[in-house]
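**Q** For reference, the sequence and a predicted model appear below.
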Amino acid sequence: MRMSLAQRVLLTWLFTLLFLIMLVLKLDEKAPWNWFLIFIPVWIFDTILLVMLIVKMAGRCKSGFDPRNGSQNMKKKVWYLIAMLLKLAFCLALCAKLQRFTAMKLAYVFIPLWALLTGGMVELGYNIFYVRRD
């Protein structure tokens, strides 16, 4: 099952809009909702992306797949999986901190986000400066 670009953009826009509306209502103190409830659109969207990514990665396990083809593609998919898990860890830690479930310092909450941004910069630098030598 493949989604067209327009469907992906619409889905992203819809979940982002819903999250921002809920966030504004919470910050304006119009809605006394739990912080974990505010982040539900983000988690639904991330779950959809994770399922799609895992299905694509599992496609490599089918019979007749040549592992020499697409090893770079698999590395990208593993990086995407790690990035999604880091984002999930950041969102969970942030919600726990905002809801006062933990007395963790704010600097510790942002460690997954910093790791994600550092990995993204390394990935970007690798894609820009990498020269294939055959």
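**A** Good, I have the coordinates. Residues are numbered from 1 along each chain as shown.

**Q** looking just at contacts, which helices and strands does the lengthiest helix in the chain meet?
**A** The helix spanning the most residues in the chain, taking DSSP state H as the definition, is helix 71-98. Where contact means 3 or more Cβ pairs under 8 Å, 6 or more residues apart in numbering; DSSP states H and E, helix 71-98 is packed against helix 35-38, helix 40-58, helix 106-109, helix 111-129. Every residue, glycine included, has its C-beta placed from N, CA and C.

**Q** May I see the buried residues of that helix?
**A** By 16 or more other Cβ atoms under 10 Å, the buried positions in helix 71-98 come out as 77, 80, 83-84, 86-91, 93-95, 97.

**Q** Including distance to Phe36 and pLDDT, could these go into TSV?
**A** Shown next, in TSV, are these (distance: Cβ to Cβ, whole Å; pLDDT from 0 to 100):
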residue	distance to Phe36	pLDDT
Lys77	28	84
Tyr80	24	90
Ala83	22	94
Met84	18	93
Leu86	19	95
Lys87	15	95
Leu88	13	94
Ala89	14	95
Phe90	14	96
Cys91	9	95
Ala93	12	95
Leu94	10	95
Cys95	5	94
Lys97	12	95
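
**Q** now, among these, which is nearest to Leu25?
**A** Closest approach between those and Leu25, by Cβ to Cβ: Cys95, at 15.9 Å.

**Q** And the closest one, how far from Ala115?
**A** As for Cys95, its distance to Ala115 is 18 Å (criterion: Cβ to Cβ, to the nearest Å).

**Q** Next: Leu27.
**A** Counting by Cβ to Cβ - Leu27 and Ala115 are separated by 27 Å.

**Q** Compare the two (neighbour count), which wins?
**A** Using other Cβ atoms under 10 Å as the criterion, Leu27 and Ala115 rank with Ala115 on top: 15 against 10.
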